[in-house]
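J.: With the input below, show me the fold.
(2 chains)
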Amino acid sequence: GAVVSQHPSRVICKSGTSVKIECRSLDFQATTMFWYRQFPKQSLMLMATSNEGSKATYEQGVEKDKFLINHASLTLSTLTVTSAHPEDSSFYICSARVPTVNQPQHFGDGTRLSIL
Amino acid sequence: AQSVAQPEDQVNVAEGNPLTVKCTYSVSGNPYLFWYVQYPNRGLQFLLKYITGDNLVKGSYGFEAEFNKSQTSFHLKKPSALVSDSALYFCAVRGGQNRDDKIIFGKGTRLHILP
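T.: Residues are numbered from 1 along each chain as shown, chains lettered A, B, ... in the order given. Predicted structure coming up:
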């Protein structure tokens, strides 16, 4: 089955640090990847849609200069949280979709980001 | 606009009993419906999907879901619950024919299977 790998699984760092999270589709090519944020006991909030070779599409209310997304290849998308602050602490999950309309999205295992 | 509702925040079921996790949806056009499960500190795992065809869809780990067009529902079911089924379950919908249409997730239902 389709596998999505997300790294790192956990990050603890000081306020002001920039943090990069990688999302890889291991056995398929993903023209589209998605980045979600999940708060405790809540559903997934779509942050942005990452398109290979073009700019990401951000959801309303998500700061694109704060959350930089790069989708440089068909198997890799990165999310960089720039100058992270404690309010950015959250669980970030990436997802990729096999590029046919009937296929489900496949998810990485998430990254727990803790900003001190 | 697309939407999906999971009316129950939490469902408690005794081990061995049948379980149902409810989901209703609203979408223009034909819906693509999905169920995912999330274990603590993990991403979402795909359980099953409905695209077309038989209304009863069978998926992973013995789960199944029934598509009901008239009631716009897609409830998740399992005949006999296991303690290991305890997790957070998300229903999701994608409407339309555009493969770029986004999936919309419900708020999730926490399933507790009591030993």
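J.: Going along the chain, name the strands of the chain.
T.: If you meant another chain, say so; for now it's chain A. A:4-7, A:10-13, A:19-25, A:32-38, A:44-51, A:57-58, A:67-73, A:76-81, A:90-97, A:105-107, A:111-115 (DSSP state E).
J.: look at chain B instead
T.: For chain B, the strands defined by DSSP E occupy B:3-5, B:10-14, B:19-21, B:24-26, B:31-38, B:44-50, B:56-58, B:64-68, B:73-78, B:87-95, B:104-105, B:109-114.
J.: Alongside chain B, which residues does chain A contribute?
T.: A:4, A:6, A:32, A:34, A:42-44, A:46, A:49, A:91, A:93, A:95, A:99-102, A:104-110, A:112 (Cβ under 8 Å from any Cβ of the partner chain). C-beta: built from backbone N, CA, C; applies to glycine.
J.: Which among these count as buried?
T.: A:4, A:6, A:32, A:34, A:43-44, A:46, A:49, A:91, A:93, A:95, A:104-110, A:112 (16 or more other Cβ atoms under 10 Å in any protein chain shown).
J.: any weak-confidence spans in chain B?
T.: Chain B contains residues with pLDDT under 70 at B:95-101.
J.: Apply 80 and report the result again.
T.: B:1, B:95-102 (pLDDT under 80).
J.: near chain A, which residues of it show up?
T.: Checking chain B against chain A by Cβ under 8 Å from any Cβ, the hits are B:32, B:34, B:36, B:41-46, B:49, B:51, B:90, B:97-100, B:102-103, B:105-108.
J.: One more pass at 10 Å, please.
T.: Applying Cβ under 10 Å from any Cβ of the partner chain, we find that chain B lies next to chain A at B:4, B:6, B:9, B:32, B:34-36, B:38-39, B:41-49, B:51-52, B:60, B:88, B:90, B:92, B:94, B:96-108, B:110.
J.: Can I get the buried part of those as one PyMOL selection?
T.: Buried subset of those, written as a PyMOL selection, criterion 16+ other Cβ under 10 Å:
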select buried, chain B and resi 4+6+32+34+35+36+38+42+43+44+45+46+47+48+49+51+88+90+92+94+101+102+103+104+105+106+107+108+110
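J.: and residue 34, what is it in contact with?
T.: Answering for chain A, as no chain was given. Residues in contact with residue A:34 (Cβ atoms under 10 Å, 6 or more residues apart in numbering or on different chains) are A:23, A:44, A:46-50, A:56-57, A:77, A:93-97, A:105, A:107, B:102-103.
J.: ah, I was thinking of chain B
T.: A:104-105, B:4, B:23, B:44, B:46-51, B:57, B:59, B:65, B:74, B:90-94, B:103, B:105 are the contacts of residue B:34 under Cβ under 10 Å, 6+ apart.
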